[in-house]
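# Need coordinates for the below:
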Amino acid sequence: MNKGLTLQKVCIMRDGSPLIEVDHHIAPGDVLTIMGPSGVGKSTLLAYITGTLAPVFEATGGIALDGADISQLPPHKRQVGILFQDDLLFPHMSVGANLAFGMKAGGSRAERRAAIESALADVDLEGYADRDPETLSGGQKARVALVRMLLSKPRALLLDEAFSRLDAELRTQVRDVVFRNARERQLPVLMVTHDVDDAKAADGTVIELESLSKT
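Next up, the predicted model:
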């Protein structure tokens, strides 16, 4: 079995014109960074991987996770986690309720609570389960979003400009937490970003894209 995330000659098109092409294998714990100008199709590639590609696009090529083709599976069965530049926390739920939302069904209430408390402690947010998300700083919200995604037990991680709304100091802190957790869990990571410092921090292969479309 070829562990990790494999993009097998993936080509995404719009109106018959190629937008983005990627052929790459990401090993567990490694990070592939894709950089390029706006409109080149970086986020569109992530949508194809998660199974949420808009109907205006066409895609060819395979997506394999740990050797199994996931390109025809519905989004909820792909086991691919994604972090966006916005934390997307539910404002009407506590931090703990937000995290519980990302967890799979099963286990007692006490077991689920213990898992939430442990996950928060892993990102230096011990005791935050009952907090209102609106009382958190930007960096704390970003860490809660990371924990919620990790509690869904993904087998690969996608980062869609995930650090772009944070100031320089918070960006470094949150980025380090994300990459450390990905390495510890041996998750293959695909990051799209405009920021060269993000790519340097990832310490992996970088693909710089130019638009393939002539339109």
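
# pull the longest helix from the protein.
With secondary structure taken from DSSP state H, the chain has its longest helix at helix 168-184.

# Which elements pack onto that helix?
helix 138-151, strand 156-160, helix 196-202 (3 or more CB pairs under 8 Å, 6 or more residues apart in numbering; DSSP states H and E). Every residue, glycine included, has its C-beta placed from N, CA and C.

# how about the helices in the protein?
Under DSSP H, the chain gives helices at 42-50, 95-102, 109-122, 138-151, 168-184, 196-202.

# and the shortest one, C-alpha only, in CSV?
Extracted C-alpha coordinates of helix 196-202, given in CSV (Å, rounded to 0.1, in the frame of the first residue of the first chain):
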residue,chain,number,x,y,z
VAL,A,196,6.7,32.4,1.1
ASP,A,197,7.2,32.1,4.8
ASP,A,198,4.4,29.5,5.0
ALA,A,199,6.2,27.5,2.4
LYS,A,200,9.5,27.8,4.2
ALA,A,201,7.9,26.7,7.5
ALA,A,202,6.4,23.7,5.9
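
# what does that helix rub up against?
Contact with helix 196-202 is made by 31, 33, 35, 163, 171-172, 175-176, 179, 189, 191, 193, 206, as judged by CB atoms under 8 Å, 6 or more residues apart in numbering.

# Then stretch 165-177?
In contact with stretch 165-177 (CB under 8 Å, 6+ apart) are residues 85-86, 123, 137-139, 142-143, 146, 163, 197-198, 201.

# could you dump the contacts of helix 196-202 to CSV with distance to residue 133?
Formatted as CSV, those follow (distance: CB to CB, whole Å):
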residue, distance to residue 133
31, 28
33, 29
35, 31
163, 19
171, 20
172, 22
175, 21
176, 22
179, 24
189, 25
191, 24
193, 25
206, 33
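
# now the residues you listed as JSON lines including distance to residue 119 and pLDDT?
Output for these, formatted as JSON lines (distance: CB to CB, whole Å; pLDDT from 0 to 100):
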{"residue": "31", "distance to residue 119": "21", "pLDDT": "97"}
{"residue": "33", "distance to residue 119": "26", "pLDDT": "96"}
{"residue": "35", "distance to residue 119": "31", "pLDDT": "93"}
{"residue": "163", "distance to residue 119": "20", "pLDDT": "89"}
{"residue": "171", "distance to residue 119": "22", "pLDDT": "88"}
{"residue": "172", "distance to residue 119": "22", "pLDDT": "90"}
{"residue": "175", "distance to residue 119": "19", "pLDDT": "91"}
{"residue": "176", "distance to residue 119": "17", "pLDDT": "90"}
{"residue": "179", "distance to residue 119": "17", "pLDDT": "94"}
{"residue": "189", "distance to residue 119": "18", "pLDDT": "97"}
{"residue": "191", "distance to residue 119": "22", "pLDDT": "97"}
{"residue": "193", "distance to residue 119": "25", "pLDDT": "92"}
{"residue": "206", "distance to residue 119": "30", "pLDDT": "95"}
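
# show me where pLDDT drops low in the protein?
For the chain, applying pLDDT under 70 flags the ranges 1, 211-215.

# separation between residue 119 and residue 63?
27 Å (CB to CB, to the nearest Å).

# for residue 192, same thing?
15 Å.

# Residue 124 now?
On the measure of CB to CB, residue 124 and residue 63 end up 34 Å apart.

# Just to check, residue 188 is in contact with residue 157?
Yes: between residue 188 and residue 157 there is a contact under CB atoms under 8 Å: 7.3 Å.
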